[in-house]
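> Take this sequence and fold it.
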Amino acid sequence: MEQTTNTLLLTRILPGEATTLRDFAEATFRVAWQHDNEPEPFEAYCREAFSLEKIKTELAAPDSEFYFARLGGEIVAYLELNPGRQPHHDWDAGAAFQLERIYVSHTLQSRGLGAELLRFVENRARETGAEWVWLSVWQRSPRSVAFYQKNGYDIFGVETFWVGNDPQPDWLMRKKV
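Predicted coordinates for the structure are as follows:
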């Protein structure tokens, strides 16, 4: 699947691009969060989450979709989407669609690319018949929380995200599409 937005070219990530995805995903994750985490649990998380074997398994999962966003041929962001995945706690709001990961290269943040990517996600959710897009975001990242709120997402719950052995509270956020 390929879709062009105003400035971005979004393409479904193919199994043969696993190494490229792993490298980009780990690099953007490290830039975003390494400075706010204890080194030992952070490194343990990265070893597991960004192993090539794990990335290949995730890419092959039939209920997940991965996309690269390119600008001028260069990868500038990636998404992981999970059509049909419901939040873990009591959910009776209707068909859901999870935005599991959205990472934009730090050199291009605050230029509207994130909002473009959210529009793509919301359109993709509608295509699958979902009524809601939901995600989790670290409570200690007020900039990220504000970004989602600015784009119409509301907090509806809490879950724990584990970075190694470090439990971190995330807000669950959603938007009706």
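> Setting aside sequence neighbours, what's the nearest residue to the spatially most central residue of the chain?
Nearest to the geometric centre of the chain sits residue 101, at 1.1 Å (CA atoms, centre = their mean). Nearest non-adjacent residue to residue 101, counting by CB to CB, 6 or more residues apart in numbering: residue 80, 4.0 Å away. (C-beta placed from N, C-alpha, C; glycine too.)
> what's downstream of the helix or strand harbouring that neighbour, the next helix or strand?
Here residue 80 is covered by strand 74-83, with elements defined by DSSP states H and E. For strand 74-83, the following helix or strand on the C-terminal side (DSSP H and E) is strand 96-104.
> now for the helix or strand following that next one, which elements pack on it?
Downstream of strand 96-104, the first helix or strand assigned by DSSP H and E is helix 113-127. With contacts defined as 3 or more CB pairs under 8 Å, 6 or more residues apart in numbering; DSSP states H and E, helix 113-127 has these neighbours: strand 65-71, strand 74-83, strand 96-104, strand 132-138.
> From what I see, residue 67 and residue 9 are in contact.
No: using CB atoms under 8 Å, residue 67 is not in contact with residue 9, being 10.0 Å away.
> To what extent is residue 84 buried, counted in neighbours?
Residue 84: 13 surrounding residues under other CB atoms under 10 Å.
> which one is it nearest to, not counting chain neighbours?
Ranked by CB to CB, 6+ apart and with sequence neighbours excluded, the top spatial neighbour of residue 84 is residue 63, at 6.5 Å.
> what about the protein, any weak spots by pLDDT?
Low-confidence segments of the chain (pLDDT under 70): 1-6, 89.
> burial of the residue nearest to residue 84, as a residue count?
Neighbour count of residue 63, defined by other CB under 10 Å: 10.
> before we move on, what about the one 5 residues further on?
Per other CB under 10 Å, the neighbour tally for residue 68 reads 21.
> before we move on, the earlier item: give the contact list for the residue nearest to residue 84.
Counting by CB atoms under 8 Å, 6 or more residues apart in numbering, residue 63 makes contact with 82, 83, 84, 85.
> Mind giving me the PyMOL select for these, buried ones only?
Buried subset of those, written as a PyMOL selection, criterion 16 or more other CB atoms under 10 Å:
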select buried, resi 82+83+85
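> circling back: distance of the residue nearest to residue 84 from residue 86?
In this view, residue 63 and residue 86 are 12 Å apart by CB to CB, to the nearest Å.
> now swap in residue 71 and tell me
To residue 86, residue 71 is 33 Å away according to CB to CB.
> Spit out the contact partners of the nearest residue to residue 165 once chain neighbours are set aside.
Spatial nearest neighbour of residue 165, chain neighbours left out: residue 41 (5.3 Å); criterion: CB to CB, 6+ apart. Residue 41 is in contact with 163, 164, 165, 166, counting by CB under 8 Å, 6+ apart.
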